[in-house]
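> What follows is a predicted protein model with its sequence.
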Amino acid sequence: MRLLLFCVFLTLGLTTIGTAQSFLKKKPKDDTEQIAPITASEKQDLIIAYKEAGKKKNVLRKVLQLSIDEGYDSLTSVIYEHLSNVQVEEEKYDNALESITQAIHYNDHTHQKKRTANLYNQAGHICQYLKKFDKSISYYNQALKFYEDLGDQVEVANTHVNIGNTYYKTGRVEESKESLIKASKTFENPTVVNSNKKESAKGLADLGKAYDDIGDFRKALNLLENSLVIFESNEDYEGLASSLASLGHVQLNLKRYEDAEKSFLRSLEISQQYNYKLSMMESYKGMSQILSIKKDYKEALDMYDSYILMKDSIYLEDKKAAVAAATSQLNLKINEQELMLSHKRAELSTILDKKNDQLLISMILAFVLTSLVIIFLFKKYQNKKRVSENLQKENSSLIKTNVDLSQSQEFLEKTNAAKDKLFSIVAHDLKSPIASIKGFTELLATNPDAFTLAEIADLGKKMNASLGNLNQLLDNLLKWAMSQSGLMEFHPQEIQCTDFIESNIQIYQPIAEKKLIVLKAPTDNCEVKLYGDVNMLNFVLRNIIHNAVKFTDHKGSIHVTSKVSNSQLKITVSDTGVGMSSEALENIFNIDRRKKSLGTLHEKGTGLGLVLSKEFMDKNGGRMDVSSELGRGTTFTLYFPLAKS
């Protein structure tokens, strides 16, 4: 009852802090007198009171100081934890981390191991927002020790999943696998799973997603299927929808496209029924990939549009919530200031009502009244000034939010403009090879006997060339679309330099020999390993060599060299080709302004290859430089990150 009354006073605001203090037990007179611990029901009452108080941080801080002064460690820890949650919602993560560490400090005095473990887990989560991954792992390990002491195997497994995910984010893949294997062994025990099905289902789903991230798709598939059984038996539809979307992603990686489609569609059905937007967004994205693989591009585009709309909707809701929170905080502060002024007026009115008829008392009262008025006006001025300053700060925050929204709109408009430009380029470039093939086939169909075998063979070569151009255009277009939509998988690994250069040189050696071009690539100084996605980096080097061969005349030369410089692998491709003007060089990576050029044998291109190459280099932490002189040739310089080993 003591703490319940305290909570009621807390909800009333600033003016009842003093009243609340009288309900707290005084400090112990000596070390032998102990303060009674707070019960679980009292803590629940306190949490409810916090919510009803509207998260008034100034109230929380005053009560916090009162709790510290009175020596209530358990209550102090609860208040610090609640303050940390409020700061996380406001995205003030440094402050939130400081508050949660204080909550841990005061909870240590209470010997509540389960709560201490949970607080360490929360600290680890907050460090994830701050990208302090080593510190996050340290907090998770502290939580792990307490859960192991308590024998809480479900929480032990979940904490191993958190540690594994964090190791993976820092590139420590082997350590990540070790943690995930420990979690897997725990969840393989039916007794552990049945002891806490709700947390076990969540842990199995998180573990499955982690194995998906590190590329162990078979393990991920088994874990996610087990989580589905528990979610379905518990009628936890939100967890079910999320796990189905994750399962679809794993099945997609395993190329089990029909199973993946079923998983995404079921997730989509549940998400639409209960309005689970995150699962809905992931399912739309997955279905777009499935339909693209099935070459149903129209439906794939519709699904992708739905994915983008849902993503934008979630983003706008987050922004609206942030603006609403800022507005709510501002209104709370204004109301608190008005409440303070109202009480000051009431105090002044009471003094005036008790005036005495005696002169001496009247003079004293006049003096007191004058002093109070002066103090009141000074305080009023200070309060108004403080309110004005706070309003200016809040207005600045709202202005910044509007600027961010405007910048997002501008970015979307630019992206749409680039997309429209790309469609016009693709429409033009598709028309030419298709028209050529149509013309050749009409000639053969209408006058089959009018051509000799040599002429038919010549027509076949021309059609093959047109189909080659068309295939390259569609391949580049697909890669560009996947890159822009974020659907392209990214799996960095160590790549041996010599094999990397020689394998790509060999592809274009026959074409170079036909044009009598000398294609040299000494790799004596290339005994190092670079680090990146092998498919993306092969595409980049192939594209640069292909362009060099395409724009170099007969009997020209192309030199490919490599060396290590400033902890990077530097690969240079120099040709003696036609070169570029300064205008063409300036717009070489701009799809909106780039002008297409024919090769020395009138080879055609879309201009997408270099744009994609630039994006792939950026994604892999590399860099691409180019220099050229019209009539004298072009040099591309590629900088790749080296493997840590």
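Okay, I see it. What you see is a predicted model; the values in this text were computed from it and never measured.

> Give me the most central residue, this protein.
A centroid search over the chain (C-alpha atoms, centre = their mean) returns residue 129, at 10.1 Å, as the residue closest to the centre.

> and it, what is it in contact with?
Shown in contact with residue 129 (C-beta atoms under 8 Å, 6 or more residues apart in numbering): 88, 91, 93. Where you see a C-beta, it was placed from the backbone N, CA and C, and this is true even at glycine.

> Show the residue spans covered by the helices in the stretch 301-450 of the chain.
When assigned using DSSP state H, counting those that start in this stretch, the helices of the stretch 301-450 of the chain occupy the ranges 359-446.

> no no, the stretch 51-200 of the chain
Assigned by DSSP H, counting those that start in this stretch, the stretch 51-200 of the chain shows helices spanning 57-70, 73-89, 93-108, 113-129, 133-150, 153-169, 173-187, 190-195, 197-214.

> And the ones you listed: which comes nearest residue 361?
Evaluated over the helices of the stretch 51-200 of the chain, closeness to residue 361 peaks at helix 57-70, with 36.1 Å, by C-beta to C-beta.

> pretty sure residue 152 is in contact with residue 114, am I right?
Yes. With contacts defined as C-beta atoms under 8 Å, residue 152 counts as touching residue 114 at a distance of 7.4 Å.

> how about low-confidence regions in the stretch 51-200 of the chain?
51-62 (pLDDT under 70).

> Could you look up the SS state of residue 555?
Three-state assignment for residue 555 (DSSP: H, G, I helix; E, B strand; the rest coil): coil.

> for it, what are its contacts?
Residues in contact with residue 555 (C-beta under 8 Å, 6+ apart) are 515-517.

> related to what we said a few turns ago, distance of the residue nearest to the centre of the chain relative to residue 93?
5 Å (C-beta to C-beta, to the nearest Å).

> Same check on residue 450?
78 Å.

> go on, residue 394?
For residue 394, the distance to residue 93 equals 20 Å [C-beta to C-beta].

> With residue 224 instead?
Remark: distance between residue 224 and residue 93 (C-beta to C-beta) = 30 Å.

> More neighbours: which of those two?
Shown here are residue 224 and residue 93; by other C-beta atoms under 10 Å, residue 224 has more neighbours (27 against 18).

> correct me, but that one touches residue 245?
No. The pair formed by residue 224 and residue 245 falls short of the contact definition of C-beta under 8 Å, at 9.8 Å.

> re earlier: so which of the helices of the stretch 51-200 of the chain gets nearest residue 644?
Short answer: helix 173-187, nearest of these by C-beta to C-beta, at 11.5 Å.

> on contacts alone, who are the packing partners of that closest one?
When contacts are defined as 3 or more C-beta pairs under 8 Å, 6 or more residues apart in numbering; DSSP states H and E, helix 173-187 packs onto helix 153-169, helix 197-214, helix 217-233.

> 7 Å instead, please
Helix 173-187 sits against helix 153-169, helix 197-214, with contacts defined as 3 or more C-beta pairs under 7 Å, 6 or more residues apart in numbering; DSSP states H and E.

> CA atoms only: put the first one into PDB for me.
C-alpha atoms of helix 153-169 as PDB (Å, rounded to 0.1, in the frame of the first residue of the first chain):
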ATOM      1  CA  GLN A 153      18.500 -22.900 -20.900                       C
ATOM      2  CA  VAL A 154      16.100 -21.000 -23.200                       C
ATOM      3  CA  GLU A 155      17.600 -17.600 -22.400                       C
ATOM      4  CA  VAL A 156      21.100 -19.100 -22.600                       C
ATOM      5  CA  ALA A 157      20.400 -20.200 -26.200                       C
ATOM      6  CA  ASN A 158      18.800 -16.900 -27.100                       C
ATOM      7  CA  THR A 159      21.800 -15.000 -25.800                       C
ATOM      8  CA  HIS A 160      24.100 -17.200 -27.900                       C
ATOM      9  CA  VAL A 161      22.100 -16.200 -30.900                       C
ATOM     10  CA  ASN A 162      22.500 -12.500 -30.000                       C
ATOM     11  CA  ILE A 163      26.300 -13.000 -29.600                       C
ATOM     12  CA  GLY A 164      26.500 -15.000 -32.900                       C
ATOM     13  CA  ASN A 165      24.600 -12.200 -34.800                       C
ATOM     14  CA  THR A 166      26.900  -9.600 -33.400                       C
ATOM     15  CA  TYR A 167      30.100 -11.500 -34.300                       C
ATOM     16  CA  TYR A 168      28.800 -11.900 -37.900                       C
ATOM     17  CA  LYS A 169      28.200  -8.100 -38.100                       C
END
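
> Residues in contact with it: which ones?
Applying C-beta atoms under 7 Å, 6 or more residues apart in numbering, the external contacts of helix 153-169 come out as 117, 121, 124, 133, 136-137, 140, 143-144, 147-148, 175-176, 179-180, 182-183, 186-187, 192, 195-196, 199-200, 203, 206-207, 210, 213-214.

> quick one: buried residues of it?
153-168 (16 or more other C-beta atoms under 10 Å).

> Run the chain-centre distance for that helix.
Helix 153-169 sits 19 Å away from the centroid of its parent chain (C-alpha atoms, centre = their mean, to the nearest Å).

> So what angle separates the directions of that helix and helix 197-214?
Angle of helix 153-169 versus helix 197-214, following axes from the mean of the first three to the mean of the last three C-alpha atoms, to 10 degrees, is 20 degrees.

> quick one: secondary structure of residue 571?
Classification of residue 571 by three-state DSSP places it in strand.

> Flag the shaky bits of the stretch 501-645 of the chain, pLDDT-wise.
Checking the stretch 501-645 of the chain against pLDDT under 70 turns up 523-525, 592-607, 645.

> which residues of it fall in helices?
Applying DSSP H, counting those that start in this stretch to the stretch 501-645 of the chain gives helices spanning 534-550, 582-586, 608-619.

> more crowded one of residue 152 and residue 114?
More crowded of residue 152 and residue 114, by other C-beta under 10 Å: residue 152, with 20 against 13.

> how near is that one to residue 121?
12 Å.

> Let's have the helices of the stretch 51-200 of the chain in TSV, adding distance to residue 287.
Converted to TSV, the helices of the stretch 51-200 of the chain look like this (distance: least, C-beta to C-beta, whole Å):
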stretch	distance to residue 287
helix 57-70	44
helix 73-89	33
helix 93-108	35
helix 113-129	29
helix 133-150	33
helix 153-169	26
helix 173-187	28
helix 190-195	31
helix 197-214	18
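
> Figure out which of those is closest to residue 586.
helix 153-169 (38.0 Å).

> So what angle separates the directions of the closest one and helix 113-129?
Angle, helix 153-169 to helix 113-129, by the same axes, to 10 degrees: 20 degrees.

> so helix 153-169 versus helix 173-187, what angle?
160 degrees.

> Residue numbering should commence at 23 henceforth.
Taking 23 as the first residue, the last one we looked at is helix 175-191.

> and helix 175-191 with helix 155-172, angle?
Using the same axes, to 10 degrees, the direction of helix 175-191 lies 160 degrees away from that of helix 155-172.

> is it true that residue 638 touches residue 564?
No. Applying C-beta atoms under 7 Å, one finds residue 638 not in contact with residue 564, separated by 11.2 Å.

> Who has more neighbours out of the two?
Legend: neighbour count by other C-beta under 10 Å for residue 638 and residue 564, higher for residue 638 (24 against 17).

> Domain boundaries for this protein, per the record?
258-357, 377-511, 513-663 (automatic domain parsing).

> Mind putting these into JSON lines with distance to residue 92?
Formatted as JSON lines, the domains of the chain follow (distance: least, C-beta to C-beta, whole Å):
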{"stretch": "domain 258-357", "distance to residue 92": "26"}
{"stretch": "domain 377-511", "distance to residue 92": "28"}
{"stretch": "domain 513-663", "distance to residue 92": "55"}
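
> Select, out of those domains, the one closest to residue 130.
Across those, closest to residue 130 is domain 258-357 (C-beta to C-beta), at 32.0 Å.

> what about that closest one, average pLDDT?
Averaging pLDDT along domain 258-357 yields 86.

> in stretch 643-652, what's buried?
Going by neighbour count (16+ other C-beta under 10 Å), the buried part of stretch 643-652 is 644, 646, 648, 650.
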